[in-house]
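Peer 1: Just to be clear, the model below is a prediction. Sequence and coordinates:
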Amino acid sequence: MAYDIIHKNSTVSGTPPSAGDIDVGEIAINAADAALYVKDTNGDVKNVVTDALFTQVGSGAQQRTVESKLQDVVSVKDFGAVGDGTTDDRTELQAAFTAASSATVPSGTYATAARLDLKDNQSIKGDGAEVSTINITDSTAHGLYGVDVSNVTVDGLTITGVPDVRTGALFFGTDPGAAVTQERLRLGNSSFYGGGLAPSDPSDQSNGWLFEASRHSFAYNLYSQDIGAFAHEFKNRAEYSIASNLIAYNSETAFGLGSTISPDGPNYNLINGVISHNCNNALQFGFGDYNLASSVVSNTASAPSTFSRHLGVFSGTGNVLNGAISTGLVDTGSVRFTGTAANNHASFVDYSANQAFAWLQSGATGNTVFLQNTSDGTSIDISNRILDLSGSSLKSTDANVVLSLRTGEWRGSSTGRFKFDLSDTDLSAAPISSADKFVLRNDGATNFAIVTSNTETAGYVHNTPSGVISRLTSVDSGVVTGNYFQTLIGESVGTRLYTTTFRPTVDGTLNLGASSYKWKDAYAQNLRPGAGTAIWTSGVGAPENVVAAAVGSLYTRTDGGAGTTLYVKESGAGNTGWVAK
């Protein structure tokens, strides 16, 4: 049979026909709102659209209306947003964000002339940063804006046109100096683009995104470009949060732990995986404390500024940069420690040419730098590559310590000493004095082995600023005839100890003892004064026919008497010619 359509005139929108006005299989139209109605087999009148039923596939699925199903997903287009890139969609976007706990931003470019406010317990998701874009068209507007909100997720969006002194996605605490007011924020898989000001322009203070006064939050898989201040940032009391897989391009600073309310900076955060491409600074730790940054790659070769480029800038306490590669730096130090920086650590590889490894500003204390490798492997004095204005002694608790692995240099020690301990036993019976600057503790014998080629010297050299040099070296037979051990004062004068001979290095230059510093006893079989041919010796009995010596030699008889104690060799070439005196 044919289905009948019945026109029911009504002046009341949304008013269905009564059950008696329509039969099963007929369709009724409300003339006031063009709504369609049918009667089901149970005799109930249903709206064709709002009362249509939906059942999900799967055991246990419950039937519900299509309208209810469609309301599972709220799109900004449900509220009239166009997404054509020119129409100002701010009112429609904000209506969607206000109405829904979960809203989607379908593919398109949505212009907004004012910030978009977020609320607690909300999810805003685009179809992907490649296709879902919110473009800020007003020079005074932030993009996404949350104040004292928690449990908020933003994912899969691109924010463009971020203007000066504004932020693409700002999560703001009303009183960050007093308390944490935001928790469990999640920002991921999104991109942020500045409004066009050059990052080298100090007036441009735009930010890609920023978490403030927040904890237990995540920022991940984010890209920022052409940002005048911080491409990515934790700020003012942001704590116990993670930022990972971040890329910054052509911006002032790739990642910042910023603070405007010192000492309440970001604390106890983890930053893992930062690529800084053509940014003036890769990391700024600000006044934050106990933050860890790792896996950082930085190339500043074509950064907007030609000065003040850094891999890391430290102002807080106990921060760690571990595992970084840096290239393209100029002028002012791979890592810079400001006057408030204390007990921070930086471990990195620097392939920048003609670059200071560390810049320690006045007041910096207790910081350590581990330079794992460098393009300059020819340096023999790392001090020339450190700009140290800290005023801290290199042998005090405030010492800023620098270790260069490739060049084999270690600068500074908080104890004022270097100690190497190889002992498995208690050596407290031989305590270390504060005067002991280089200490080796070992079980059993202590050996210092210096191994060289056959044509080299090895030993100890002491230089003074006045040019006085002392040396204690051993020389192999490849340098001069015979092996010997020598001490030198200056470059040549000193002593040499051969297997059978101890002598000065230069004839007639050294004294044995002095008028006020005499040896107590001297034991020798023979003394050879002057030219060394005549001797002075002693023994039992007369020397005649017994002691061979040159003319001019003396002999003291230990068992002699008057006239038979002292003998002089007056003639002959052998053991004769001795005359008693």
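Peer 2: Happy to help now that I have it.
Peer 1: tell me the strands in the stretch 351-500 of the chain, going along the chain?
Peer 2: 358-360, 368-374, 386-388, 401-404, 409-411, 418-422, 438-442, 457-463, 469-475, 484-489, 493-497 (DSSP state E, counting those that start in this stretch).
Peer 1: pLDDT score assigned to residue 452?
Peer 2: We note a pLDDT of 68 for residue 452 in this prediction.
Peer 1: whoops, residue 287 was the one
Peer 2: On pLDDT, residue 287 comes in at 88.
Peer 1: Which residues are in contact with it?
Peer 2: Residue 287 sits next to 259, 262-265, 315-316, 340 when contact means C-beta atoms under 8 Å, 6 or more residues apart in numbering. Glycine gets a C-beta too; all of them are placed from N, C-alpha and C.
Peer 1: ok, now how distant is it from residue 463?
Peer 2: Distance from residue 287 to residue 463, counting by C-beta to C-beta, to the nearest Å: 42 Å.
Peer 1: that older thread, just name the most buried of the strands of the stretch 351-500 of the chain.
Peer 2: Highest mean neighbour count among the strands of the stretch 351-500 of the chain (mean count of other C-beta atoms under 10 Å): strand 358-360, with a mean of 24.
Peer 1: That strand - contacts with which helices or strands?
Peer 2: strand 335-337, strand 386-388 (3 or more C-beta pairs under 8 Å, 6 or more residues apart in numbering; DSSP states H and E).
Peer 1: what's the offset of the last one from the middle of its chain?
Peer 2: Going back to what we said before, that points to strand 386-388. How far strand 386-388 lies from its chain's middle: 18 Å, per C-alpha atoms, centre = their mean, to the nearest Å.
Peer 1: Quick check: the gap between residue 244 and residue 101.
Peer 2: For residue 244 relative to residue 101 (C-beta to C-beta), the value is 26 Å.
Peer 1: neighbour-wise, which of the two wins?
Peer 2: residue 244 (17 against 13; other C-beta atoms under 10 Å).
Peer 1: neighbouring contacts of the helix or strand harbouring that one?
Peer 2: If you go by DSSP states H and E, residue 244 is part of strand 242-249. By C-beta under 8 Å, 6+ apart, the residues outside strand 242-249 that reach it are 208, 217-227, 231-232, 234, 254-255, 269-279.
Peer 1: Narrow those to just the buried residues.
Peer 2: 208, 217, 219-227, 231-232, 234, 254-255, 269, 271-279 (16 or more other C-beta atoms under 10 Å).
Peer 1: In the stretch 401-550 of the chain, where is pLDDT below threshold?
Peer 2: 445-448, 450-458, 462, 464-482, 490-491 (pLDDT under 70).
Peer 1: just to revisit the earlier point, looking at the strands of the stretch 351-500 of the chain, which is nearest to residue 155?
Peer 2: Nearest of the strands of the stretch 351-500 of the chain to residue 155, taken as C-beta to C-beta: strand 368-374 at 36.3 Å.
Peer 1: Could you tell me how far the closest one lies from the centre of the chain?
Peer 2: On C-alpha atoms, centre = their mean, the centre of strand 368-374 falls 10 Å from the chain's centre.
Peer 1: Note down every partner strand of it and its orientation.
Peer 2: Partners of strand 368-374 in the sheet, by DSSP bridges, are strand 345-350 (parallel), strand 401-404 (parallel).
Peer 1: of the ones you listed, which approaches residue 119 most closely?
Peer 2: strand 345-350 (40.4 Å).
Peer 1: got a list of contacts for the closest one?
Peer 2: Strand 345-350 is contacted from outside by 296, 311-312, 314, 319-327, 329, 334-335, 357-358, 367-375, using C-beta under 8 Å, 6+ apart.
Peer 1: hmm, 7 Å instead?
Peer 2: With contacts defined as C-beta atoms under 7 Å, 6 or more residues apart in numbering, strand 345-350 is touched by 311-312, 320-326, 334-335, 357, 368-374.
Peer 1: tally of neighbours for the residue lying closest to residue 174 once chain neighbours are set aside?
Peer 2: Nearest residue to residue 174, sequence neighbours excluded (C-beta to C-beta, 6 or more residues apart in numbering): residue 148, at 5.7 Å. For residue 148, the count of nearby residues is 16 (other C-beta under 10 Å).
Peer 1: Please report phi then psi for residue 148.
Peer 2: Residue 148 adopts backbone torsions of phi 50, psi 50, taken as degrees, to the nearest 10.
Peer 1: ok now do it, which residues does it touch?
Peer 2: Residues in contact with residue 148 (C-beta under 7 Å, 6+ apart) are 173-174, 181-182.
Peer 1: if you set the cut-off to 10 Å instead, what comes out?
Peer 2: 120, 171-175, 179-182, 213-214 (C-beta atoms under 10 Å, 6 or more residues apart in numbering).
Peer 1: can I assume residue 323 is in contact with residue 311?
Peer 2: No. Using C-beta atoms under 10 Å, residue 323 is not in contact with residue 311; the gap is 11.7 Å.
Peer 1: Which of those two has more residues huddled nearby?
Peer 2: Neighbours per residue (other C-beta under 10 Å) separate residue 323 from residue 311, with residue 311 holding more: 29 against 15.
Peer 1: The one helix or strand the more buried one maps to: partners in the sheet, and parallel or antiparallel?
Peer 2: Per DSSP H and E: residue 311 is located in strand 310-314. Strand pairing for strand 310-314, determined by DSSP bridges: strand 281-284 (parallel), strand 335-337 (parallel).
Peer 1: possible to save these as CSV with distance to residue 130, mean neighbour count and mean pLDDT?
Peer 2: Below are those laid out as CSV (distance: least, C-beta to C-beta, whole Å; neighbours: other C-beta atoms under 10 Å; pLDDT from 0 to 100):
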stretch, distance to residue 130, mean neighbour count, mean pLDDT
strand 281-284, 26, 27, 92
strand 335-337, 36, 29, 91
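Peer 1: And those strands: which comes nearest residue 522?
Peer 2: Closest to residue 522 of the strands paired with strand 310-314, according to C-beta to C-beta: strand 335-337, at 58.6 Å.
Peer 1: so how far is the closest one off the chain centroid?
Peer 2: 10 Å.
Peer 1: Would you mark the buried spots in the helix or strand encompassing residue 46?
Peer 2: Assigned by DSSP H and E, residue 46 falls within strand 45-47. Neighbour counts over strand 45-47 (16+ other C-beta under 10 Å) mark 45-47 as buried.
Peer 1: ok so, going back, quick one: mean pLDDT for the strand holding residue 311?
Peer 2: The model assigns strand 310-314 a mean pLDDT of 87.
Peer 1: Dump the next helix or strand along the chain from it to PDB, keeping only the CA atoms.
Peer 2: Scanning forward in sequence from strand 310-314 by DSSP H and E, the next helix or strand is strand 320-327. This file holds the C-alpha atoms of strand 320-327, laid out as PDB (Å, rounded to 0.1, in the frame of the first residue of the first chain):
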ATOM      1  CA  VAL A 320      70.800  19.900  35.300                       C
ATOM      2  CA  LEU A 321      71.400  19.900  31.600                       C
ATOM      3  CA  ASN A 322      72.500  16.400  30.600                       C
ATOM      4  CA  GLY A 323      73.200  15.300  27.100                       C
ATOM      5  CA  ALA A 324      73.200  18.100  24.600                       C
ATOM      6  CA  ILE A 325      74.800  18.900  21.200                       C
ATOM      7  CA  SER A 326      75.500  22.500  20.300                       C
ATOM      8  CA  THR A 327      76.800  24.100  17.100                       C
END
